[in-house]
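Q: Any chance you can model this:
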Amino acid sequence: MIFQKSKKLICAVTAIGMLTAFATGCGDQNSDTIKIGANLEMTGSNATFGQSATNGAKLAIKQANEKGGVLGKKLELVVADNKSEAAEAANSMQKLISQDKVAAIIAPIASSSVIAGAQVNNDGKVLAISPTASNPKVTVDPDTGKVRDYLFRASFIDPFQGAVMANFASKSLKGKSAAIYIDTSSDYAKGLGQFFKETFIKNGGQIVSEEAYLAKDTDFKSTLTKIKSSNPDILFVPGYYQEVGMIVKQAREIGINAAILGGDGWDSEKLPEIAGTDALNNTFFANHYSPDDQSPAIQDFVATYKAEYGQVPDSFAVLSYDATMMIIKAIERAGSVDTVKIKDEMAKTKDFAGVSGMITLDEKHDAIKDAVVIEFKNGKQTFKEKVKPE
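A: Residues are numbered from 1 along each chain as shown. Next up, the predicted model:
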């Protein structure tokens with residue numbers, strides 16, 4: 001469905017003649033500002049993700065402007081709300097390129113939304129870098145097997161994240177059996193579930209149940225009852241916080257006491273409100289950073305972010321800050337707002353010292369970096385362990 005919607009949107013763009021604006025491959029050369037777009041989930045089911053990501057991007061731009069800007073120009077963030085919907089993400093991508101003349105774009109948080117707009121920013125020759133979209137199809141077109149020239153990410157990918165949680169389930173929690181409960185409307189959830197399954201089985205574990213739900217579902221008890229009957233040691237739920245919170249709450253209500261695991265889509269201050277603090281005990285998820293990590297870069301950023309926004313930054317704020325700084329560095333190296341040159345410089349990113357850790361982009365435009373496992377204790381996220389790429 002996502003790919004069909006994307007193609008229809010692109011055809012509509014062509015029909016109204018907007019692709020003529022894509023031919024230049026340049027930002028606004030004559031402006032005294034350099035515009036960076038943000039195609040983010042400001043409203044809808046993933047709103048907390050987009051709002052945090054916007055805060056991170058704003059902080060990066062503020063700091064850069066305080067140091068004199070880039071290429072003698074001030075930076076400006078132009079935010080387009082994709083409403084947490086894939087079709088709107090494609091519309092927002094087209095608007096930022098053809099109307100706002102941005103030099104680069106912070107791509108959506110959700111993998112499905114990045115994929116939906118991929119052809120638009122590729123045709124427009126404007127790079128987009130997602131802070132967190134982790135499905136492999138974000139940077140590699142599954143139809144052609146080719147790398148998408150103008151798409152990048154600041155996060156690790158699902159094969160790594162899924163393997164991290166499967167290894168944690170097998171080795172740290174000593175789980176022998178697992179149930180998987182995924183959102184079948186999400187490329188992110190499907191990919192993460194697949195890679196968890198492969199690694200867990202490779203480790204000698206058994207998948208005793210595989211069930212599915214759809215985004216915006218609210219009643220999960222009948223399916224959870226089926227899962228309970230399989231008596232898994234581990235329940236893996238690689239979804240987003242809105243549904244995950246209800247799943248965890250309802251799982252505990254019907255007596256599922258197994259450890260519940262997930263991915264970075266859990267990282268929201270809303271999750272404890274939805275699930276309840278007691279229900280979240282014995283739950284764990286993969287993430288990109290922990291504010292409990294005592295590295296100077298993280299502690300400095302946490303203090304700065306708290307001073308700016310009055311709260312501890314989540315991973316979406318951190319990764320959006322890193323992604324924005326990666327754009328800024330690429331523009332500086334390009335020495336212009338020529339978007340093709342900026343894209344070429346982004347592809348060369350190596351040993352970038354981000355808040356979330358050292359980032360090197362590989363030949364597929366994927367970030368090679370560490371992951372952390374977070375445990376909930378009485379509703380609070382606590383650092384469990386750090387995992388490096390093998």
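Q: Spatially nearest residue to the most centrally placed residue in the chain (excluding sequence neighbours)?
A: For the chain, the residue sitting closest to the mean C-alpha position, by CA atoms, centre = their mean, is residue 132 at 2.0 Å. What sits nearest to residue 132 in space, not counting adjacent residues and going by CB to CB, 6 or more residues apart in numbering, is residue 155, at 4.7 Å. Bear in mind the C-beta positions are built from the backbone N, C-alpha and C, glycine included.
Q: least trustworthy helix or strand in the chain by mean pLDDT?
A: helix 2-15 (a mean of 39; mean pLDDT, DSSP states H and E).
Q: Show me the helices in this protein, by range?
A: For the chain, the helices defined by DSSP state H occupy 2-15, 47-66, 86-98, 111-116, 118-124, 158-167, 187-202, 221-229, 241-253, 270-275, 296-309, 315-334, 339-347.
Q: Now render these as JSON lines, adding mean neighbour count and distance to residue 355.
A: Below are the helices of the chain laid out as JSON lines (neighbours: other CB atoms under 10 Å; distance: least, CB to CB, whole Å):
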{"stretch": "helix 2-15", "mean neighbour count": "15", "distance to residue 355": "31"}
{"stretch": "helix 47-66", "mean neighbour count": "22", "distance to residue 355": "9"}
{"stretch": "helix 86-98", "mean neighbour count": "25", "distance to residue 355": "25"}
{"stretch": "helix 111-116", "mean neighbour count": "30", "distance to residue 355": "21"}
{"stretch": "helix 118-124", "mean neighbour count": "24", "distance to residue 355": "25"}
{"stretch": "helix 158-167", "mean neighbour count": "24", "distance to residue 355": "19"}
{"stretch": "helix 187-202", "mean neighbour count": "23", "distance to residue 355": "22"}
{"stretch": "helix 221-229", "mean neighbour count": "16", "distance to residue 355": "37"}
{"stretch": "helix 241-253", "mean neighbour count": "22", "distance to residue 355": "22"}
{"stretch": "helix 270-275", "mean neighbour count": "19", "distance to residue 355": "22"}
{"stretch": "helix 296-309", "mean neighbour count": "15", "distance to residue 355": "5"}
{"stretch": "helix 315-334", "mean neighbour count": "25", "distance to residue 355": "5"}
{"stretch": "helix 339-347", "mean neighbour count": "21", "distance to residue 355": "18"}
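Q: residue ranges with poor pLDDT in the stretch 151-300 of the chain?
A: Applying pLDDT under 70 to the stretch 151-300 of the chain flags no residue at all.
Q: Just the terminal-to-terminal distance for stretch 306-317.
A: The first and final residues of stretch 306-317 sit 12 Å from each other (CA to CA, to the nearest Å).
Q: Pop the domain breakdown of the chain in here.
A: With automatic domain parsing as the criterion, the domains of the chain are listed as 2-156+296-369, 158-287.
Q: Minimum distance to residue 381: which of those domains has it?
A: Residue 381 lies closest, by CB to CB, to one member of those: domain 158-287, at 7.9 Å.
Q: and that closest one, how far out from the chain's middle?
A: Remark: domain 158-287 is offset 18 Å from the chain centroid, using CA atoms, centre = their mean, to the nearest Å.
Q: hmm, back to that, need the contact list for the residue nearest to residue 132.
A: 130, 131, 132, 133, 134, 264, 288, 319, 367, 369 (CB atoms under 8 Å, 6 or more residues apart in numbering).
Q: Residue 156 now?
A: Going by CB under 8 Å, 6+ apart, residue 156 touches 134, 288, 366, 367, 368, 369, 371, 389.
Q: Give me the phi and psi for it.
A: When quoted as degrees, to the nearest 10, the phi and psi of residue 156 stand at phi -70, psi 170.
Q: Please apply the same query to residue 232.
A: phi -80, psi 150.
Q: Thank you, goodbye.
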